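[1] what shape does this take:
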Amino acid sequence: QVQLVESGGGLVQAGGSLRLSCAASGRTFSSYTMGWFRQAPGKERKFVAAISWSGGSTYYADSVKGRFTISRDNAKNTVYLQMNSLKPEDTAVYYCAAKSSTVVAGLYDYWGQGTQVTVSL
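    Okay, here's the model as predicted:
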């Protein structure tokens, strides 16, 4: 069982930056593929970014490429999402997720409770 707790959300003006953190419990964190997803009001949850267990491979949705960076620190059982040049359309609840499979696509096994990110004009 893995428990995930996100933090770092908040209100920021367009063009600003935020860094989200996701702290994971469990001794096997370093073996998990980690992802970030987001859900805007009235919309489906969508993939944002993912990172392989080693951190050697990263994947991004087209909408955030060049602006967001996912990283992880396996010694701290934490995954991060650095978000720069934020836009109002980035406003959403951001969720951290984990899976034991090395395949980035598809279902994730564990989810955090989410953290709200609001980008104002």
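
[2] for residue 118, what are phi and psi?
    Taking degrees, to the nearest 10, you get phi -120, psi 130 for the backbone angles of residue 118.

[3] identify the bridge partners of it.
    When bridges are called by DSSP bridges, residue 118 pairs up with residue 11.

[4] is it true that it touches residue 11?
    Yes. Between residue 118 and residue 11 there is a contact under CB atoms under 8 Å: 4.7 Å. Backbone N, C-alpha and C define where each C-beta goes, glycine included.

[5] so which of those two has more stuff around it?
    residue 118 (15 against 12; other CB atoms under 10 Å).

[6] which element, helix or strand, includes the residue nearest to the spatial centre of the chain?
    With distances taken as CA atoms, centre = their mean, residue 36 lies nearest the centre of the chain, 2.5 Å away. For residue 36, the enclosing helix or strand under DSSP states H and E is strand 33-39.
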